[in-house]
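Q: Predicted model and sequence follow; I will ask about them next.
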Amino acid sequence: MDDSTHALLAGLAHELRTPLAAIGGHAELLRVGVHGPILPKQLESLERIRMNHLRMAAMITELMEYAEAARGTRRMFLEEAEVARLIEHAIGALSVSASERNVTVSFGMPCDDDEAADAQTSFCPVMVFADKMALSEVLQAILRDSVESHGGGHVTVRLSSVGDSAVVTIETDEAPFAETECEAVFVPFDREARGQRVNGQSALVLPRARLLARAFGGDVRAVPTTDRRVIAIHLARMVERTSGV
């Protein structure tokens with residue numbers, strides 16, 4: 001994304017936020033009765049206004065976050081990161097939202113023969129080379145989208161490692177990706193892609209997550225299956241160097 005396009009989006013976001021804030025503010029004044037008593041049916045309408053106000057504000061923020069990622073100017077600070085701890089933190093941050101939606105989230109990973117489980121937790125340490133903040137954003141964004149798209153259900157997070165790669169898979173009991181959809185879901189606002197949910201939640205989540213992951217040497221991919229929706233986050237694993245090398 002070039003500078004002129006980014007500037008256009010930034011200006012558009014500002015112009016949209018100003019009237020949107022006024023809509024939300026005046027609706028709240030009505031809701032609390034500043035201008036007189038409100039009937040129950042009117043309160044229902046005001047609640048719909050509030051929810052859509054929040055949704056539109058979130059979409060504007062998401063658009064700007066995608067624009068920043070597409071611009072490719074964010075500096076990445078690559079360092080050693082323990083993936084399992086970042087996953088547990090992301091799951092913990094969504095515990096309230098998951099509970100409200102009656103969604104359960106589980107996390108598991110197998111230990112390699114030469115690895116021992118952490119004494120304080122149930123997982124084995126898998127170290128990767130990544131920007132910790134960007135990786136956390138990728139994990140939280142995909143998990144949040146998976147949780148908030150459910151009205152009940154289960155999200156399964158798995159972490160595996162093979163050689164110099166680590167893979168985080170996030171599985172939900174939604175319609176699976178078809179082979180032809182696996183790249184289309186990473187095209188922003190591609191409503192022809194059947195793998196994109198039509199509720200607006202994932203229009204930019206997956207495209208931005210892929211851009212961020214690729215910026216620090218990872219990747220995000222949709223995995224075709226027969227029964228579950230699966231997103232895989234591929235990461236470069238830290239391989240211990242032998243002495244003298």
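A: That came in fine, so what should we check first? All figures in this text were calculated on a predicted structure; none of them were measured in a lab.
Q: ok, now which ones touch the residue most central in space within the chain?
A: Centroid check for the chain by C-alpha atoms, centre = their mean gives A141 as the closest residue, at 1.4 Å. By C-beta atoms under 8 Å, 6 or more residues apart in numbering, the contact set of A141 is 205, 208-209. Yep, even glycine has a C-beta here, placed from its N, CA and C like the rest.
Q: in this protein, which strand has the most residues?
A: Longest among the strand segments of the chain by residue count, using DSSP state E, is strand 153-162.
Q: Pull the distance from that one to the chain's centre.
A: 15 Å (C-alpha atoms, centre = their mean, to the nearest Å).
Q: Please work out the average pLDDT along the lengthiest helix in the chain.
A: The longest helix of the chain (DSSP state H) is helix 40-71. Averaged across helix 40-71, the pLDDT comes to 87.
Q: again, but for stretch 11-23
A: On average, stretch 11-23 scores 87.
Q: do stretch 179-190 as well
A: 84.
Q: buried set for that stretch?
A: Using 16 or more other C-beta atoms under 10 Å as the test for burial, stretch 179-190 gives 181, 184-186, 190.
Q: which stretches of this structure form strands?
A: Taking DSSP E, the strands of the chain run over residues 78-82, 103-108, 127-131, 153-162, 165-172, 219-223, 229-236.
Q: and I60, which of those is closest to it?
A: Closest to I60 of the strands of the chain is strand 219-223 (C-beta to C-beta; 22.9 Å).
Q: Please state the offset of the closest one from the chain centre?
A: Using C-alpha atoms, centre = their mean, the offset of strand 219-223 from its chain centre is 13 Å.
Q: And the residue nearest to the centre of the chain, what's its pLDDT?
A: 93.
Q: What of the one 4 residues further on?
A: We note a pLDDT of 90 for D145 in this prediction.
Q: okay, the contacts of A141 in JSON lines with neighbour count next?
A: Output for these, formatted as JSON lines (neighbours: other C-beta atoms under 10 Å):
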{"residue": "V205", "neighbour count": "25"}
{"residue": "R208", "neighbour count": "25"}
{"residue": "A209", "neighbour count": "27"}
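Q: out of those, which are inside helices?
A: Taking DSSP H as the definition of helices, the contacts of A141 contribute 205, 208-209.
Q: which among those residues gets closest to V168?
A: The closest of the ones in helices among the contacts of A141 to V168 turns out to be A209 (C-beta to C-beta; 11.3 Å).
Q: so the closest one sits right up against I142, yeah?
A: Yes. Using C-beta atoms under 8 Å, A209 makes contact with I142 at a distance of 5.6 Å.
Q: so what sits against both of those two?
A: 220, 233.
Q: Closest one of the buried residues of stretch 179-190 to T104?
A: Distance to T104 across these (C-beta to C-beta) is lowest for V185, with 24.3 Å.
Q: how near is the closest one to H53?
A: Applying C-beta to C-beta, to the nearest Å, the value for V185 to H53 is 27 Å.
Q: repeat for E47
A: 10 Å.
Q: now swap in D145 and tell me
A: Per C-beta to C-beta, D145 is found 20 Å from H53.
Q: what's the answer for P207, then?
A: Separation of P207 from H53 (C-beta to C-beta) stands at 24 Å.
Q: Which of the two has more residues huddled nearby?
A: Counting neighbours by other C-beta atoms under 10 Å for P207 and for H53 shows that P207 has the greater number, 21 against 17.
Q: right, and that one touches A184 too?
A: No. Contact criterion C-beta under 8 Å: P207 and A184 do not qualify, at 10.7 Å.
Q: If I look at the closest residue in space to L29 that isn't next to it in sequence, what pLDDT would I see?
A: Residue nearest to L29 in three dimensions, not counting chain neighbours: H35, with 6.7 Å by C-beta to C-beta, 6 or more residues apart in numbering. Confidence at H35, expressed as pLDDT, is 89.
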